[in-house]
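Peer 1: Just to be clear, the model below is a prediction. Sequence and coordinates:
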Amino acid sequence: MDLELRHLKTVRAIADAGSLTKAATALGLPQPALSAQLKRIERTLGGPLFDRGRHGVRLTALGELVLERARVLLPAVRELQEDAVRLARTRDGAAGPARFRLGGTHGPLLGGLVDRIATVFPGHPVSTATSWSEREITGAVRQGRLDYALIGTCGEAPPPDAGRLAWAEVGRDPVFVMLAENHPLAGRTEIGLAELAAASWADVPGDGCFADCFTAACVRAGFSPVTVFETDIAACVHLVRVGRAAGLCRATFPPTPGLVTRPLAGAPLHWRHLLGWHPESPAARTAPRAVAEARLAHAEAAQLNADYRRWLRGHPGFGPALTVPA
């Protein structure tokens, strides 16, 4: 195995965190995967980089050398990337047809935005990239590999790269609970979180604070979640449909045979949909229209869910954002 920049980032993350557990959380990786990756790095470099102990990890002499070089190399490479992207934007930004390279986390809005952009800008190329990681998507925008990031954040949490990218709010949704249509609570118009204290849960993964906020909301409701399955949307739907779990979903989740979505009493969790772009990129020229189309896509998704339409009438602080940036 050849040593790569991502390996140096891993070493730096472990050293900064002081433990594999904390580093795995920061990197959005399971701890066993991080441990295996560290072993491969150490084999490549010829020896252990950390001494493991009950209270965390401590750098070895070899680890000190590698970390010292990493702290020089990683900022230098990032600066090189940013300078190259800035030069490319200066070269490409003056003329040429608009392009729309859209990046998004898994959710119902990306397809709607692609459809609207392709309709409003016929003949202009549209491409997509998806990831469960908001950081990965925003990093690609920052580096010039994508034009727009369509992501979500839990509550009022700032998006990744908040200081480097321009952001506009697309909409704000409560988090609904997804149940099998034959679930005992499926006929209710609203469900208290505590009523599902004995349930297992299903949700898609992410690298924001949603998992912690969900656990905190459960604790406030008087219980700790039994099990949380973090998996892709199709698996979440399957687990809910067969009665294995209750699902957590945005209120814009489309109607699905065999399932119902219901609001949680008091809206203990909510989700902000955001569109981001680099302010010095060609995408900044078309950003106001892209934001407007994203908000229309959100409004269309909300209209498809009759329960959400009814809920919105009594909760004016949610739904599509109304203003468009100049």
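Peer 2: Nice, thanks for sending it over. Only a predicted model underlies this, so the values are computations on that prediction, with no experimental measurement involved. Numbering: from 1, shown residues only.
Peer 1: use CA for all of it now, contacts and neighbours both
Peer 2: OK.
Peer 1: which residues does residue 284 contact?
Peer 2: The contact partners of residue 284, by C-alpha atoms under 8 Å, 6 or more residues apart in numbering, come to 277, 278.
Peer 1: Correction: the previous question concerned residue 21.
Peer 2: residue 31.
Peer 1: And it, how far from residue 11?
Peer 2: Per C-alpha to C-alpha, to the nearest Å, residue 21 is found 13 Å from residue 11.
Peer 1: How much space separates the residue nearest to residue 131 when sequence neighbours are not counted from residue 243?
Peer 2: Leaving aside its chain neighbours, residue 131 sits nearest to residue 105 (5.1 Å; criterion: C-alpha to C-alpha, 6 or more residues apart in numbering). Going from residue 105 to residue 243 by C-alpha to C-alpha gives 26 Å.
Peer 1: for residue 229, same thing?
Peer 2: 13 Å.
Peer 1: Where in the chain is the helix or strand with the lowest mean pLDDT?
Peer 2: The least trusted helix or strand in the chain, going by mean pLDDT, DSSP states H and E, turns out to be helix 61-92, with a mean of 77.
Peer 1: Helix, strand or coil: sort out residue 42 for me.
Peer 2: The three-state assignment at residue 42 reads helix, by DSSP: H, G, I helix; E, B strand; the rest coil.
Peer 1: okay, now it: neighbour count?
Peer 2: For residue 42, the neighbour count with other C-alpha atoms under 10 Å is 17.
Peer 1: That one: what's it in contact with?
Peer 2: 48, 49.
Peer 1: Can you give me the distance of it to residue 136?
Peer 2: 25 Å.
Peer 1: swap in residue 142?
Peer 2: Separation of residue 142 from residue 136 (C-alpha to C-alpha) stands at 10 Å.
Peer 1: Those two: which is more packed in?
Peer 2: It is residue 142, of residue 142 and residue 136, that has more neighbours when counted by other C-alpha under 10 Å, with 24 against 18.
Peer 1: Name all residues that make contact with the more buried one.
Peer 2: Residue 142 neighbours (C-alpha under 8 Å, 6+ apart): 82, 161, 164, 165, 277, 278.
Peer 1: Just the CA trace of the one helix or strand residue 10 maps to, in PDB.
Peer 2: Assigned by DSSP states H and E, residue 10 falls within helix 5-17. Only the C-alpha atoms of helix 5-17 are listed here, as PDB (Å, rounded to 0.1, in the frame of the first residue of the first chain):
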ATOM      1  CA  LEU A   5      -2.900  12.100   2.000                       C
ATOM      2  CA  ARG A   6      -6.000  10.600   3.500                       C
ATOM      3  CA  HIS A   7      -3.700   8.400   5.600                       C
ATOM      4  CA  LEU A   8      -1.900  11.500   7.000                       C
ATOM      5  CA  LYS A   9      -5.300  13.000   7.700                       C
ATOM      6  CA  THR A  10      -6.200   9.800   9.700                       C
ATOM      7  CA  VAL A  11      -3.000  10.000  11.700                       C
ATOM      8  CA  ARG A  12      -3.600  13.700  12.500                       C
ATOM      9  CA  ALA A  13      -7.200  13.000  13.500                       C
ATOM     10  CA  ILE A  14      -6.200  10.300  15.900                       C
ATOM     11  CA  ALA A  15      -3.400  12.400  17.400                       C
ATOM     12  CA  ASP A  16      -5.800  15.400  17.800                       C
ATOM     13  CA  ALA A  17      -8.600  13.300  19.300                       C
END
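Peer 1: Just the buried residues of that helix, please?
Peer 2: 7, 8, 9, 10, 11, 12, 13, 14, 15, 17 (16 or more other C-alpha atoms under 10 Å).
Peer 1: What's the local residue count around residue 79?
Peer 2: 12.
Peer 1: Oh, that last question was meant for residue 237, not what I typed.
Peer 2: By other C-alpha under 10 Å, neighbour count at residue 237 equals 24.
Peer 1: Who's the closest spatial neighbour of it, skipping the chain neighbours?
Peer 2: Once flanking residues are discounted, residue 237 sits nearest to residue 247: 7.5 Å by C-alpha to C-alpha, 6+ apart.
Peer 1: So, low pLDDT: which residues of the protein?
Peer 2: The model of the chain has pLDDT under 70 over residues 1, 83-97, 322-326.
Peer 1: in it, which residue is closest to the centre?
Peer 2: residue 134 (3.6 Å; C-alpha atoms, centre = their mean).
Peer 1: ok, now which ones touch residue 70?
Peer 2: 8, 9, 12.
Peer 1: With residue 210 instead?
Peer 2: 153, 154.
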